[in-house]
Structure formats: structure tokens, C-alpha cells
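1. the sequence isn't on hand, but the structure is:
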């Protein structure tokens, strides 16, 4: 499963200037009804409205142009509420900047504060608006790049179709680890009973025995602690716990007594895999041609951006920003200083062409 941290900074998040003159975005949302101003019924500025007035949808609406946006109405309403911002574009850029900062704090919470360096990872951008913010976030966090999966607006649904069936079984034991061998032996007895329960569950779910998988873990803590950490059930489980504690909290004490709190068995029924089709590969070495050029704003500056229809992109295509990638389920931005490359399955990898890591900067 994924650990999910939710923040109110989606496309429908409402922007407002508070009593102190500060710009706020979310957590209140316009929802689907009345929705953003550009949908034709809403009256309060949202993140989607900000993208619309900055030209990030290529002037063609959503759902491959089937859902028209009322840009004239959007500009008029943002003009009424822009406060001290010099113009509508500055107001819209401010909305996106605040939204990005909210999401950036959330990513830092689930990465840096969990002991993971975001510079070691690629950001996967899904959902209809994920690709609109991904490059800005990846640059702020110095991440390796951005991956735009196939059909990003429906990635969660595709994931459910491909997902294995998983159920976790556990028992609380409170076993002191005076002798690791004996403690693990007793924990193993519990694990075998849990496996029998897990096997019966997978049988009821209709999985053949060859599609059963079991994983065993131990929840361990220092004696006297109120929290525990989960580590794999293997011979060196005590050492694994000390390493996990060091990674999570910055310190460990190998001399301090430990205890096993819970024994866990994770049962997995392997679902049949879907074969993702490869897309046509380009045979030309010439640069990919954009559908057209559109007026838009990137980082607060007016630019002429190249517009690409994702369904026409072939494997091996490469192009540089500023660019807008449009498709039925999503819209994605490729800012200046970024480069896009299409892989064999139609996924798009975005990477910085001017990448300078602060890790090595002097």
C-alpha cells in the first residue's frame, strides 16, 4: 500500500486574499458544482482558473477540447479579486506558486521527514492536473526528473485493475528479545498459525496455491518505548531494527533491550498481469513537430509554447520546453530548461537540461 498524505491544493482549491493581505489557496474547494470559474458556474478563483488564464490548456479546453472553458469570464472574475496584484497574470501565477508550496511541504513530509532524500527519486505525476505542477515541484526538491505515465487521469483505476489482493494478519505477542534465537523461534510458531489463516483467505479469494505469496515481519521496539518499527523476519532481525531506528530517528542503542510487539504475515494473491502495448517508434532523426504554437505564461513570463497532442507522439520523440502536452485525461507542462522523451510504452520522462545539483555545488 501507499502512505498517503492529503493536502487541499487540487485544481478546485479556492484562492483568496486574507485580511492581512496574504494569498491563501485551499483547503476549501469549489468541487464539481459549481466548480472553477472557467467551467461556467463558479464565482471564486481556483487553481484551475489560474492555469486557464495563463494559457496552460493551450486555448482548447479540457478532455481533448470537448469541454470548453470560459476564459473571458475567468479573467473578469479574477480581475475583481486580484487585490494588490498588478494584473490577472500576476495573481494567477501567485495562486500556482502558493499551491506548489503547499504540495512541496507535503512531499517533504513524506520524504525528508521519513528519512528519504527526494534527490534520489523521480516524481510520478498523475491525475488530471498532476503534470501541470510536476516540473516546478521536482525542480524545487532537486528530484531526478518527472515521469508522466500513460493515461495519467485514469492511473488509479488502472492500478486497481492490476493490483494484487493483499491481506495482513497479525498477533500481539510482547516477546522479550533476551535470546534472539529463542525469541525468533517463538515468533515463528505464531507466524505458522498466521500463515494457515492467510492461506485460507487466499483460497476463498479464488487464488491457486502457485499464486500465493507470504511475507513475515516483526514489529519491534526498545523496552519502555511507546512505538515500534516493522522489520523483516530473518536471522538478523535485531540488527535490522537498530538500523531502522537509526534511519527513522537519527539514533540507535544496540545495548538497550528490545522486545517483539507484533508478528505479522502479509498474504498476497498474485493477479494476472496486463501486458502494456508498445507504441510506434519514430524512424526519423528530425525533431518532432508541434501541433502549433500557443501564447502562455511560464514562471510569470509570457512565452510562445509548443503544443503537442500526446496521442500523436511516438517512441523516441524528444522535445524541449516551453511546451504543453494535451490529452483526454490530463494536461502537462514542460517549462523552459526541461526536456521530454517518449519511451517504448508511451510514458514521457521529463528531465532538466540545466540540472545543477546543490549536493555538489560549491
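-> Yep, it's here. The structure displayed is predicted, hence computed values, not measured ones.

2. for the stretch 151-300 of the chain, what spans make up the helices?
-> Here the stretch 151-300 of the chain has its helices, by DSSP state H, counting those that start in this stretch, at 155-162, 180-204, 237-249.

3. residue 348: which of the ones you listed is closest?
-> Among the helices of the stretch 151-300 of the chain, helix 155-162 comes nearest to residue 348, with 13.3 Å by Cβ to Cβ. The way it works is simple: take the backbone N, C-alpha and C, and place the C-beta from them, glycine included.

4. ok, back up a step: mean pLDDT for the helices of the stretch 151-300 of the chain: which is lowest?
-> When those are compared by mean pLDDT, helix 155-162 comes last with a mean of 86.

5. next, the buried residues of stretch 15-31.
-> For stretch 15-31, burial by neighbour count (16 or more other Cβ atoms under 10 Å) applies to 15, 17, 23, 24, 25, 26, 29, 30.

6. so who does the closest residue to the second one other than its chain neighbours touch?
-> Nearest-residue entry for residue 17: residue 83, 4.2 Å, with adjacent residues in sequence omitted and distances by Cβ to Cβ, 6 or more residues apart in numbering. Listed by Cβ atoms under 8 Å, 6 or more residues apart in numbering, the contact set of residue 83 reads 17, 21, 23, 91.

7. pLDDT weak spots in the stretch 251-362 of the chain?
-> The stretch 251-362 of the chain contains residues with pLDDT under 70 at 355-362.

8. switch the cut-off to 50
-> Applying pLDDT under 50 to the stretch 251-362 of the chain picks out residues 357-362.

9. name the secondary structure element that contains the residue lying closest to residue 88 once chain neighbours are set aside.
-> The shortest distance from residue 88 to any non-neighbouring residue, by Cβ to Cβ, 6+ apart, is to residue 78 (4.8 Å). Taking DSSP states H and E as the criterion, residue 78 maps to helix 71-81.

10. buried stuff in that helix?
-> By neighbour count with 16+ other Cβ under 10 Å, helix 71-81 contains the buried residues 71, 73, 74, 75, 77, 78, 81.

11. how about stretch 299-318?
-> Neighbour-count burial for stretch 299-318, counted by 16+ other Cβ under 10 Å, picks out 303, 305, 306, 307, 308, 310, 313, 315, 316, 317.
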